[in-house]
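Undergrad: predicted coordinates and the sequence they were generated for:
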Amino acid sequence: MILIIDDDIAIRTSLALLLKKEGFDASAVGTPGEALDVMRARTPDLVLLDMNFSNETTGADGLQMLERIKAKYPSLPVILITG
């Protein structure tokens, strides 16, 4: 399963539809909290992670989430994305 974590519903929906069309199992969530809930239930094979979840565009939100993911799932591949 590919997990998409992005606060922009258009990005989440577009990526999920594109991946599903290509035959991938994809799930999409809008917040880091939702992502952690999904990951507790089922470890994804890949994460597409947005860099920004607030009005700031420093990327700090995404980097903090990346740290949380890597602390629990060190070998899980994560691709960082941003608009």
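TA: Yes, it's here. Predicted model only: the values in this text are computed from it and were never measured.
Undergrad: so where is the protein shaky, pLDDT-wise?
TA: For the chain, the stretches with pLDDT under 70 are 54-58.
Undergrad: hey, where'd the helices end up in it?
TA: Assigned by DSSP state H, the chain shows helices spanning 9-21, 32-41, 60-72.
Undergrad: alpha carbons only: can I get the shortest one in CSV?
TA: It stands for helix 32-41. The C-alpha trace of helix 32-41 is given here as CSV (Å, rounded to 0.1, in the frame of the first residue of the first chain):
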residue,chain,number,x,y,z
PRO,A,32,0.0,13.5,10.3
GLY,A,33,-2.3,12.1,13.0
GLU,A,34,-4.5,10.3,10.5
ALA,A,35,-1.4,8.9,8.9
LEU,A,36,-0.1,7.5,12.2
ASP,A,37,-3.5,5.8,12.8
VAL,A,38,-3.4,4.2,9.3
MET,A,39,0.2,3.1,9.8
ARG,A,40,-0.6,1.5,13.2
ALA,A,41,-3.3,-0.6,11.4
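Undergrad: got the contact list for that helix?
TA: Contact with helix 32-41 is made by 3, 5, 27, 29, 44, 47, 53, 61, 64-65, 68-69, 72-73, as judged by CB atoms under 8 Å, 6 or more residues apart in numbering. Using the backbone N, CA and C atoms, a C-beta is placed for each residue, glycine as well.
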